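Visitor: could you look at this predicted model? Sequence included:
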Amino acid sequence: MKVILDTNALMVPEQFGVDIFAELLRLGYVKCLVPSSVLAELRSLTARADKGKDKVAARVALGLASRCSIVGQAGVDADLAVEELALSEGAAVFTNDKPLKKRLFSKGITVIYLRQGRYLEAMKKEY
């Protein structure tokens, strides 16, 4: 199955010490997609993040993104790109962004998120 990784999802390994690729594999997700706009957002974070921890996490996230397929064009809002890609690919989305999760749930998209700072969980809500 396919999963799309959001900006904050790629920062989870550095911030929480969770091996997201092993966790995604445990959940049955073998193909990871990252929108180009997410990479642009990470590059921006490495340049302007206020906290050193966020800069380091963004830098690590850029390296982790190389393990995924990069799709789409930069210049589009990252959250919108994630949502559109999920709909067009029929893929789940890994994000901890609450407003984005709510939008994805409302469209019937499976959302994967960090649970208790230790493992990933997948959920699908249909409204």
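Guide: Arrived safely, thanks for sending.

Visitor: this protein: helices as residue ranges?
Guide: Using DSSP state H, the helices of the chain run over residues 7-16, 20-26, 36-48, 52-65, 78-89, 98-106.

Visitor: would you turn the ones you listed into CSV with distance to Val71?
Guide: Bear in mind the C-beta positions are built from the backbone N, C-alpha and C, glycine included. Shown next, in CSV, are the helices of the chain (distance: least, Cβ to Cβ, whole Å):
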stretch, distance to Val71
helix 7-16, 14
helix 20-26, 17
helix 36-48, 7
helix 52-65, 11
helix 78-89, 6
helix 98-106, 17
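
Visitor: and those helices: which comes nearest Ala122?
Guide: Taking Cβ to Cβ, helix 20-26 is the member of those nearest to Ala122, at 9.4 Å.

Visitor: pick the most buried one from the helices of the chain.
Guide: Most buried of those, by mean neighbour count (mean count of other Cβ atoms under 10 Å): helix 7-16, with a mean of 22.

Visitor: which other helices and strands contact it?
Guide: Where contact means 3 or more Cβ pairs under 8 Å, 6 or more residues apart in numbering; DSSP states H and E, helix 7-16 is packed against helix 20-26, helix 36-48, helix 52-65, strand 111-115.
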